[in-house]
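Novice: my questions are about this predicted structure, shown below with the sequence.
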Amino acid sequence: MKTVISVSGTPYEQGVQEGKKLREIIEKNVALVRERMERDSLNNDRYRKFVERNLGFMERCHQDLYQEMKGISDGSGISFEDIIYLNIPAYFMSEYFNQECSMLMVRGKATVDGNTYVIKNRDMSMYIEQAVIKREYPNGLKMVEINGAGTVTYPACGMNSYGLGVTNTGFWSVKAPSDVERVDAAHIFLNAHLLLSECKTAKEALEYVKKSPRLNGLNVIIVDTKDAYCVEMTKDDVAVQEDDGSGVLYRANHYVSDKLKHLNPDITQYTSTYKRYERIGELVGERYGKLRFQDLFRIMSDHENGQNCICRHPHDGVPAKTVSTSMFVLEDSEAWATIGNPCENLRFVSLG
């Protein structure tokens, strides 16, 4: 199945093209969402009303997203209702810790060539099929995103032709519950697609993030060739870590800042996030100053710490799996991705 596509035109026109080119994969994703809804008894009036209220927010405030979803429905022949349920991921809120993503940004003196690299493992317990989408808008803006096929609301990562890159990892904790009462006026998660379509620089994107209405927290890396930030977000607060000159920013699924770390789940409750964060730091330290393209994929393919490793495989009752590894190189305006685990889908041979 084709998983790398190019689309152009208005949001609706792009949606139609995506729907036609990715129809088979989108159908699989819709089936997964329907299955999750049935499993978690979400196919009821209360859940439907929640989704409808959030759709109303998008229709009022983000017609571009609404029109692209309409286009995906029209292009694929899949009902608009199914596309809505795929794009309004309230099913993610039915249980904690179902996305176990890891992300890393290195640049400057951390790398062998001084370039800016951002890489992310998207780990999910529900295996939404991913796609790489290159976009071109009538105003000349170009973007590339790695996202679930048929979705426009929560891309794994992306960059735009202004040289801005964005990626994120989820945060869930019983100490930081979702603000579900704001569903009429907020995104379920920060939408990186909007950062890429509306911002030109990391500083602009940082201000956008601070003001963006959302029901849940996230960790976000925002970077251009000048500035780089890691933003820890709750539903109503942020803590910002700026690159201190080391050229390294990374996160898993917990907070590191003194301001927000009291909200973290206990390490015994969610060992994986702490082990992955610790391991990324170790591996970056081993190659610091010499980090290359292939080193980053090796880091994201790492299996140290068993079920708490960076490259996720379902086992021992832990369903999380790495569904994509995506990396962009800002200076080259290039995006690279594996669909599925990097250890299985990125082939290489060494004579050493």
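Specialist: It's in.

Novice: excluding sequence neighbours, find me the nearest residue to Gly281.
Specialist: Among residues not flanking Gly281 along the chain, Tyr250 sits closest, at 7.1 Å (CB to CB, 6 or more residues apart in numbering). From N, CA and C alone the C-beta is placed, and that goes for glycine too.

Novice: count of neighbours near the one you found?
Specialist: Here the number of neighbours of Tyr250 (other CB atoms under 10 Å) works out to 22.

Novice: and if you look at Tyr208?
Specialist: For Tyr208, the count of nearby residues is 15 (other CB under 10 Å).

Novice: are we agreed that it is in a strand?
Specialist: No: Tyr208 is assigned helix when assessed by DSSP: H, G, I helix; E, B strand; the rest coil, not a strand.

Novice: what mean pLDDT does stretch 175-184 have?
Specialist: What stretch 175-184 shows for mean pLDDT is 91.

Novice: how far does that stretch stretch from one end to the other?
Specialist: With CA to CA, to the nearest Å applied, stretch 175-184 spans 23 Å between its terminal residues.

Novice: on that earlier part again, which residues touch the residue nearest to Gly281?
Specialist: By CB atoms under 8 Å, 6 or more residues apart in numbering, the residues touching Tyr250 are 102-105, 230, 277, 280-281, 284.

Novice: helix, strand, or coil at it?
Specialist: strand.

Novice: just checking, Gly15 touches Tyr66?
Specialist: No: look at Gly15 against Tyr66 with CB atoms under 8 Å: they stay out of range, at 9.9 Å.

Novice: the more surrounded of these two?
Specialist: Gly15 (28 against 22).

Novice: with adjacent residues omitted, what lies nearest to the more buried one?
Specialist: Gly71 (2.2 Å).

Novice: which of the three states applies to the one you found?
Specialist: helix.

Novice: hmm, back to that, now list the buried members of the contacts of Tyr250.
Specialist: Buried subset of the contacts of Tyr250 (neighbour count, 16 or more other CB atoms under 10 Å): 102-105, 230, 277, 280, 284.

Novice: let me see the contact set for Val223.
Specialist: Residues in contact with Val223 (CB under 8 Å, 6+ apart) are 105, 107, 116, 118, 164-166, 202, 229, 249, 330.

Novice: what is the neighbour count of the closest residue in space to it that isn't next to it in sequence?
Specialist: Distances taken as CB to CB, 6+ apart place Gly165 nearest to Val223, at 4.9 Å, with adjacent residues excluded. Residues near Gly165, counting by other CB under 10 Å, number 29.

Novice: just the contacts of Val223: which are in strands?
Specialist: Using DSSP state E, the members of those that fall in strands are 105, 118, 165-166, 229, 249.

Novice: break this structure down into its domains, please.
Specialist: Taking automatic domain parsing as the domain assignment, the ranges for the chain are 4-93, 95-128+162-345.

Novice: beta partners for the residue nearest to Val223?
Specialist: Met159, Val223 (DSSP bridges).

Novice: quick one, strands of the chain?
Specialist: 4-8, 102-106, 117-124, 130-136, 142-148, 157-160, 165-170, 218-223, 228-233, 238-242, 248-251, 321-329, 334-339.

Novice: can I get the ones in strands among the contacts of Val223 in CSV including distance to Ala131?
Specialist: Shown next, in CSV, are the ones in strands among the contacts of Val223 (distance: CB to CB, whole Å):
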residue, distance to Ala131
Met105, 23
Val118, 19
Gly165, 18
Val166, 17
Tyr229, 27
Leu249, 26
